[in-house]
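1. model this:
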Amino acid sequence: MRLAAGPLHICKVKYLSSMQSIFESAAKKEILKRIDLLTPQSQRKWGKMNVAQMLAHCANGMELATGKIKPPRELIGKIIGWMFKSSYSSKRKFPKNVQTIKGGAVVDERDFELEKKRLISAIEEMHAGGEKICTDHPHPIMGKFSPEEWGKGMYKHLDHHLRQFGV
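-> Okay, the predicted model is just below:
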């Protein structure tokens with residue numbers, strides 16, 4: 001672990017043991033096993049979303065990566081998004097309570113089983129589609145990603161939220 005200075009604070013930076021991609025069979029299996037450990041009673045360790053909202057948020061992220069949803073670029077992303085782009089698919093873990101894109105947090109109540117099935121389906125679809133399924137629509141903050149960056153970023157995003165719920 002090392003310290004990294006951010007524009008607004010200093011935080012401890014932790015790294016993933018290896019940089020996996022949702023396109024790798026072993027990574028997909030591992031993520032699905034961890035999702036299966038979640039229950040409607042799973043409690044968050046940080047953040048504001050409950051477990052069903054987190055599942056919906058992650059499914060939305062998968063839909064962003066495959067182009068099913070196409071939010072516009074945010075002004076802040078156009079100005080400084082390039083500074084954060086490499087962090088999306090790097091080995092560095094996302095910090096707790098990292099801010100999501102505008103409208104990215106799910107705040108309405110969701111059905112746990114429905115959202116769990118939706119996320120699993122989105123993961124299966126992205127994995128089966130391979131890199132060709134990835135959108136060329138830019139991420140609202142960080143801009144255009146290559147299919148490799150989408151695959152690594154989706155794994156990292158899922159890992160972040162599963163760690164948020166202790167699995």
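2. How about the contacts made by the closest residue to L37 other than its chain neighbours?
-> Among residues not flanking L37 along the chain, V167 sits closest, at 4.3 Å (Cβ to Cβ, 6 or more residues apart in numbering). C-beta here means a position set from N, CA and C on the backbone, and glycine is covered the same way. For V167, the contacting residues are 34-35, 37-38, 42, by Cβ atoms under 8 Å, 6 or more residues apart in numbering.
3. From I31, how far off is V167?
-> Counting by Cβ to Cβ, to the nearest Å, the gap from V167 to I31 is 10 Å.
4. where does this protein dip in pLDDT?
-> The model of the chain has pLDDT under 70 over residues 1-18.
5. Quick one: the strands in it, in order.
-> Taking DSSP state E as the criterion, the chain contains strands spanning 2-5, 10-13.
6. ok, which stretches of this protein are helices?
-> 25-36, 51-65, 75-80, 85-88, 112-129, 147-164 (DSSP state H).
7. Need those helices in JSON lines (columns: distance to P95 and mean neighbour count).
-> Listed next are the helices of the chain as JSON lines, based on distance: least, Cβ to Cβ, whole Å; neighbours: other Cβ atoms under 10 Å:
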{"stretch": "helix 25-36", "distance to P95": "20", "mean neighbour count": "15"}
{"stretch": "helix 51-65", "distance to P95": "16", "mean neighbour count": "23"}
{"stretch": "helix 75-80", "distance to P95": "17", "mean neighbour count": "13"}
{"stretch": "helix 85-88", "distance to P95": "10", "mean neighbour count": "16"}
{"stretch": "helix 112-129", "distance to P95": "22", "mean neighbour count": "17"}
{"stretch": "helix 147-164", "distance to P95": "9", "mean neighbour count": "21"}
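8. I'd like those laid out as CSV, including distance to Q99.
-> Shown next, in CSV, are the helices of the chain (distance: least, Cβ to Cβ, whole Å):
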stretch, distance to Q99
helix 25-36, 23
helix 51-65, 13
helix 75-80, 10
helix 85-88, 13
helix 112-129, 21
helix 147-164, 13
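9. Out of those helices, the one nearest G103 is which?
-> Counting by Cβ to Cβ, G103 lies closest to helix 51-65 out of the helices of the chain; the figure is 9.1 Å.
10. Find the residue closest to I101 in space, skipping its chain neighbours.
-> I101's closest residue in space is P140 (Cβ to Cβ, 6+ apart), at 4.6 Å.
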